[in-house]
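**Student:** Sequence first, then the predicted structure:
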Amino acid sequence: MITKSAKKAYRQNLRRNARNLQVKSALQKVLKNYKKLVLDKKFDAAKGELSKVYQALDKTAKAGVIKKNKASRLKSRLTALVNKK
C-alpha cells in the first residue's frame, strides 16, 4: 500500500525532473553556441554571447539544477577562453 504522501512526492519528483531537464538542456544549448564561437575564433561575437552564458548559468544555479560554485567555476573558465585568444 502506497501512502498519499508518497504518491504526492512521486508527482512532485516527476514535475521537478521535467523542469530540471528543460533548464539543463537550455543551458547546454547556450554553452554549445558559445564554445562554437570561440572555436571559430569569433572572439567579438563570443564576448557578446558571454552575458547570455552568465545569465543562463545564474538561472540554473538559482533553480538548484547546478551548484553555485559550479556556475562560478564555469563562468571563470569560459571567460578565460575568450581572453586567452
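**Tutor:** That came through, no problem. Numbers count the residues shown, from 1 in each chain.
**Student:** Please name the nearest non-neighbouring residue to A45.
**Tutor:** L37 (5.1 Å; CB to CB, 6 or more residues apart in numbering). Using the backbone N, CA and C atoms, a C-beta is placed for each residue, glycine as well.
**Student:** Following element in sequence after whichever strand or helix holds that neighbour, please.
**Tutor:** With elements taken from DSSP states H and E, the one containing L37 is helix 4-39. Helices and strands here follow DSSP H and E; after helix 4-39, the next one along the chain is helix 43-63.
**Student:** sorry, back to before: please tell me how far the residue nearest to A45 sits from R77.
**Tutor:** 15 Å (CB to CB, to the nearest Å).
**Student:** check contacts around the most centrally placed residue in the chain.
**Tutor:** Averaging the C-alpha coordinates of the chain gives a centre point, and the residue nearest to it by CA atoms, centre = their mean is L27 (3.4 Å). Residues in contact with L27 (CB atoms under 8 Å, 6 or more residues apart in numbering) are A56, L57, T60, V65, I66.
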